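*Asks:* how would this look folded up:
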Amino acid sequence: MLREEIKNSIRSLFSKNEYSQEEIEIMLKFHLNEALIEREQEILNELYYKKMAQQNLAITSDKKISTLVSCVSLSKIIPQDYLELPIFKSLRVFKEIKNIYLLYTNESKFNFKEISEKFEKLNIKVIGKNIKNDTIDDIYITIRELAIKGEINKENTIFDITLGLKMSGIAFYKLASERGFISINWKELQLPIYKYDEKNSLYEETNFGKRIPLTVTLELLKEPLKESIKTYTMLNEALENKEYNIISSHFKNIGNDDISFLFENLAQLFTFENISSLDYKKFFKDVEEFLKNIFLYPNFTDFTKERIKEFLASLLVLISFEQKDRKTLIQREFSWLNNSEFYFPFTYIQKQGVYFINQEADILDITTLLKYRDDKLIERVDVEDIDDFEEEIYYKKEIYFYLVLEYFYSKIKDRESNSFLQFFKKSILKEFGISLSGKSDLISRLTLDDFIKIIFYKCDLESLEDYDKEDIQLIKNALNFLNICEIFKEDSTKEIELKDYTLKILKYNIEINLLEEDEMKEAFNKRGKKLQAFAQPIVNFINSTNINFKLTEKNIYEYDIDENREKTSKGLKKDFSRFKTKVVLPLNSIVDRELKKRGIISEEFINFNSRERAFTINSDFYIR
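*Replies:* Numbers count the residues shown, from 1 in each chain. Take a look at the predicted model:
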């Protein structure tokens with residue numbers, strides 16, 4: 001093979017005119033192992049820096065990545081930057097990394113020490129994890145333990161799986177799929193290594209390859225994200241529906257045995273018998289047994305303890321006092337609390353009632369809902385000692401019925417027609433002395449918010465309108481301590497999102513600030529800071545979790561947040577037309593331009609069906 005032919009092979013790896021003849025010649029000399037002078041080394045480094053600066057386009061995540069997890073290979077550190085190891089490449093893109101976890105074997109121990117010393121000079125903390133066996137299980141267990149202990153999480157951590165142990169890629173893929181970690185891979189194209197035949201003045205191709213440094217690209221691995229989106233969607237649905245056994249199994253499968261134990265016991269507490277019996281005294285006896293099991297469980301991680309602290313404290317409040325009469329509450333003692341190795345002492349609850357009352361002065365605390373005087377909620381109570389509870393009454397019964405209703409409202413979707421729920425509603429109304437005569441139609445339409453008014457504000461059916469959203473939110477904020485499911489809900493990575501007027505398309509790593517795009521100017525107001533009314537539906541349309549959602553001429557007003565605008569049939573058609581010409585068409589053009597920058601040819605981002613008069617997002621833009 002002639003030298004010029006090898007040079008043409010290198011040139012073909014790049015787009016036309018991307019590099020000059022001189023620069024291609026230098027790459028050729030490098031590939032053929034010909035000596036490079038210092039200036040040529042500098043040129044390759046400068047070209048490499050420019051190439052690396054372009055790699056920021058590969059990651060559109062708005063997460064602040066401060067931790068990196070990777071493996072140490074047997075490759076040596078080479079002085080020239082353009083030949084640096086992948087882990088050093090990652091630092092050029094993720095500039096806020098402060099901690100690096102490196103997995104190494106006995107064979108790569110020397111390389112680990114060498115890399116660690118270099119990072120220490122950059123004020124980056126390196127934590128080494130020795131892998132004794134090159135197996136998927138050993139690697140997986142090691143990195144999973146970091147996640148379980150809270151040392152790494154999907155909000156601040158990235159996996160670099162470019163180099164390392166033979167089985168590392170599978171282990172990292174598995175954990176990333178389970179827990180939503182971003183995973184990256186550095187790719188470089190290769191050409192064969194050539195051996196020069198002096199006799200024939202030709203180069204002979206060998207069976208070995210050599211990387212071309214300036215072909216380096218950062219790849220966001222989409223398959224683990226795709227799997228994690230499915231996993232977190234399933235988990236969030238189970239949490240929303242309070243399917244505690246499913247949740248327990250999920251955490252068991254990913255190694256969070258402590259969280260699995262918590263939800264396993266919650267499933268035993270929230271049985272159909274407990275919830276449907278309307279016996280709040282029995283329920284709180286079961287709460288006591290639940291707390292006993294939790295507090296005596298020895299294997300909670302510190303990370304989990306911190307997450308469930310307020311939830312357990314709130315339940316402890318509900319069982320820590322007995323009502324002797326209307327004016328007197330008696331404190332209770334629990335031997336199992338004294339024997340617990342949990343994170344706060346018994347005095348946290350017993351001697352000070354609710355010690356955390358002063359931690360959030362700007363919101364209503366759970367203590368507020370435990371007591372009332374003259375049928376009115378106390379907006380704030382400073383608890384100094386137990387005497388402060390006199391002349392007040394425990395709110396345990398009300399809280400029990402709220403939990404029961406919330407449980408069934410999460411389980412039952414056809415709430416107006418479900419006969420069991422209607423029977424249940426009537427039973428609770430009778431419990432609070434509400435007359436049901438001639439009100440069956442109204443009862444079927446009662447929402448959970450309506451029952452909050454009835455239960456906590458002692459409101460009758462005729463006075464429901466006397467309480468507004470702020471009154472309802474006051475109660476919900478106070479009871480939020482008891483909502484364990486909200487604590488464990490995961491914010492799964494969104495495939496397509498429009499946030500603060502920045503469009504993100506995960507599949508193609510696109511991030512576009514629409515405020516900076518000239519084509520979108522007419523969609524914004526004169527100051528260019530806010531969408532005009534006719535363009536507002538684009539936000540909810542793009543952020544819809546239903547990938548098959550259709551924005552039609554009929555429902556476009558449902559996504560218009562301006563409630564004061566007059567909405568007529570004529571105005572609707574006018575806005576729909578303007579929405580198409582001033583929002584959809586420019587947006588399609590902008591996305592198409594960004595894709596072409598990446599060498600991607602695709603159909604339009606938003607499709608329009610003229611027969612249905614409806615817009616849909618092209619399914620090709622989703623990972624799934």
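*Asks:* The residue most central in space within the chain and residue 412: what is the separation?
*Replies:* Geometric centre of the chain, nearest residue: residue 491, 2.7 Å, by Cα atoms, centre = their mean. Using Cβ to Cβ, to the nearest Å, residue 491 is found at 26 Å from residue 412. To be clear about C-beta, it is placed using only N, CA and C from the backbone, and glycine gets the same treatment.
*Asks:* which SS class is the residue nearest to the centre of the chain?
*Replies:* Three-state call for residue 491 (DSSP: H, G, I helix; E, B strand; the rest coil): coil.
*Asks:* Helices of the stretch 501-624 of the chain, residue ranges please.
*Replies:* 537-542, 569-579, 585-597 (DSSP state H, counting those that start in this stretch).
*Asks:* most packed of the ones you listed?
*Replies:* Highest mean neighbour count among the helices of the stretch 501-624 of the chain (mean count of other Cβ atoms under 10 Å): helix 537-542, with a mean of 20.
*Asks:* as a whole number, average confidence for that one?
*Replies:* Mean pLDDT, helix 537-542: 86.
*Asks:* Outline the domain layout of the protein.
*Replies:* Listed domain ranges for the chain are 3-226, 237-393, 397-488, 496-621 (source: automatic domain parsing).
*Asks:* Confidence-wise, which of those is weakest overall?
*Replies:* Of all the domains of the chain, domain 237-393 has the smallest average pLDDT, which comes to a mean of 70.
*Asks:* Toward the C-terminus, what is the element adjacent to the strand or helix carrying residue 289?
*Replies:* Per DSSP states H and E, residue 289 falls inside helix 280-295. Using DSSP H and E, the helix or strand that follows helix 280-295 in sequence is helix 302-319.
*Asks:* Now for residue 423, how many residues are close by?
*Replies:* 10 (other Cβ atoms under 10 Å).
*Asks:* who's in contact with it?
*Replies:* With contacts defined as Cβ atoms under 8 Å, 6 or more residues apart in numbering, residue 423 has no neighbours.
*Asks:* so it sits in a helix?
*Replies:* Yes: inclusion of residue 423 in a helix is indicated when three-state DSSP is applied.
*Asks:* From residue 434, how far off is it?
*Replies:* Separation of residue 423 from residue 434 (Cβ to Cβ): 15 Å.
*Asks:* Excluding sequence neighbours, find me the nearest residue to residue 622.
*Replies:* Distances taken as Cβ to Cβ, 6 or more residues apart in numbering put residue 495 closest to residue 622, at 5.1 Å, once the chain neighbours are dropped.
*Asks:* Need the pLDDT of the one you found.
*Replies:* For residue 495, pLDDT reads 83.
*Asks:* number of nearby residues for it?
*Replies:* Other residues close to residue 495 by other Cβ under 10 Å number 20.
*Asks:* Next, the contact list for the closest residue in space to residue 535 that isn't next to it in sequence, please.
*Replies:* Distances taken as Cβ to Cβ, 6+ apart put residue 523 closest to residue 535, at 4.1 Å, once the chain neighbours are dropped. Residues near residue 523 by Cβ under 8 Å, 6+ apart: 514, 531-532, 535, 538, 582-583, 586.
*Asks:* And residue 403, by the same measure?
*Replies:* Contacts of residue 403 were listed using Cβ under 8 Å, 6+ apart, and they are residue 482.
*Asks:* if we go to 10 Å?
*Replies:* 270, 275, 280, 283, 287, 479, 482-483 (Cβ atoms under 10 Å, 6 or more residues apart in numbering).
*Asks:* Repeat that for residue 462.
*Replies:* 435, 439, 442.
*Asks:* Next, work out how far apart it and residue 427 are.
*Replies:* Residue 462 is 20 Å from residue 427, by Cβ to Cβ.
*Asks:* Next: residue 177.
*Replies:* Distance, residue 177 to residue 427, by Cβ to Cβ: 45 Å.
*Asks:* Neighbour count: those two, which is higher?
*Replies:* residue 177 (21 against 13).
*Asks:* Touching, the more buried one and residue 253? I think so.
*Replies:* No: judged on Cβ atoms under 10 Å, residue 177 makes no contact with residue 253 at a distance of 11.7 Å.
*Asks:* Quick one: the helices in the stretch 201-350 of the chain, in order.
*Replies:* Assigned by DSSP H, counting those that start in this stretch, the stretch 201-350 of the chain shows helices spanning 222-240, 244-253, 257-269, 272-276, 280-295, 302-319, 335-338, 347-350.
*Asks:* is it possible to export those helices to JSON lines including distance to residue 446?
*Replies:* Below are the helices of the stretch 201-350 of the chain laid out as JSON lines (distance: least, Cβ to Cβ, whole Å):
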{"stretch": "helix 222-240", "distance to residue 446": "21"}
{"stretch": "helix 244-253", "distance to residue 446": "26"}
{"stretch": "helix 257-269", "distance to residue 446": "26"}
{"stretch": "helix 272-276", "distance to residue 446": "18"}
{"stretch": "helix 280-295", "distance to residue 446": "20"}
{"stretch": "helix 302-319", "distance to residue 446": "25"}
{"stretch": "helix 335-338", "distance to residue 446": "39"}
{"stretch": "helix 347-350", "distance to residue 446": "35"}
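*Asks:* Any idea which of those helices gets closest to residue 577?
*Replies:* Comparing the helices of the stretch 201-350 of the chain against residue 577 with Cβ to Cβ, the closest turns out to be helix 222-240 (34.9 Å).
*Asks:* Centre of the chain to that closest one, how far?
*Replies:* In terms of Cα atoms, centre = their mean, to the nearest Å, the centre of helix 222-240 is set 10 Å apart from its chain centre.
*Asks:* do the same with stretch 92-109
*Replies:* On Cα atoms, centre = their mean, the centre of stretch 92-109 falls 24 Å from that of its chain.
*Asks:* Show me which positions of that stretch end up buried.
*Replies:* Within stretch 92-109, the residues scored as buried using 16 or more other Cβ atoms under 10 Å are 92-94, 97, 99-105, 108.
*Asks:* which among those gets closest to residue 127?
*Replies:* Taking Cβ to Cβ as the measure, residue 127 lies nearest residue 101 of the buried residues of stretch 92-109, at 5.0 Å.
*Asks:* Am I right that the closest one sits in a strand?
*Replies:* Yes: counting by three-state DSSP, residue 101 falls inside a strand.
*Asks:* could you dump the helices of the stretch 501-624 of the chain to TSV with distance to residue 143?
*Replies:* As requested, those are exported to TSV (distance: least, Cβ to Cβ, whole Å):
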stretch	distance to residue 143
helix 537-542	34
helix 569-579	47
helix 585-597	34
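*Asks:* out of those, nearest to residue 56?
*Replies:* Minimum separation from residue 56 across the helices of the stretch 501-624 of the chain (Cβ to Cβ) falls at helix 585-597, 13.0 Å.
*Asks:* To which secondary structure element type does residue 129 belong?
*Replies:* Strictly by three-state DSSP, residue 129 counts as strand.
*Asks:* Surely residue 614 is in contact with residue 550?
*Replies:* Yes: counting by Cβ under 10 Å, residue 550 is a contact partner of residue 614 at 4.2 Å.
*Asks:* what is in contact with these two at once?
*Replies:* residue 607.
*Asks:* Kindly indicate which of the buried residues of stretch 92-109 lies nearest residue 297.
*Replies:* Nearest to residue 297 among the buried residues of stretch 92-109 is residue 101, at 28.2 Å by Cβ to Cβ.
*Asks:* Tell me what the closest residue to the closest one other than its chain neighbours is bridged to.
*Replies:* In this structure, residue 101 finds its nearest non-sequential neighbour in residue 69, 4.5 Å apart by Cβ to Cβ, 6+ apart. Residues in a beta bridge with residue 69, per DSSP bridges, are residue 101, residue 159.
*Asks:* Distance of residue 69 relative to residue 161?
*Replies:* 9 Å.
*Asks:* circling back to that earlier point, from residue 216, how far off is the residue nearest to residue 101?
*Replies:* Distance, residue 69 to residue 216, by Cβ to Cβ: 21 Å.
*Asks:* list the contacts for residue 91?
*Replies:* By Cβ under 10 Å, 6+ apart, residue 91 lies in contact with 68, 84, 97, 100, 119, 122, 124, 160.
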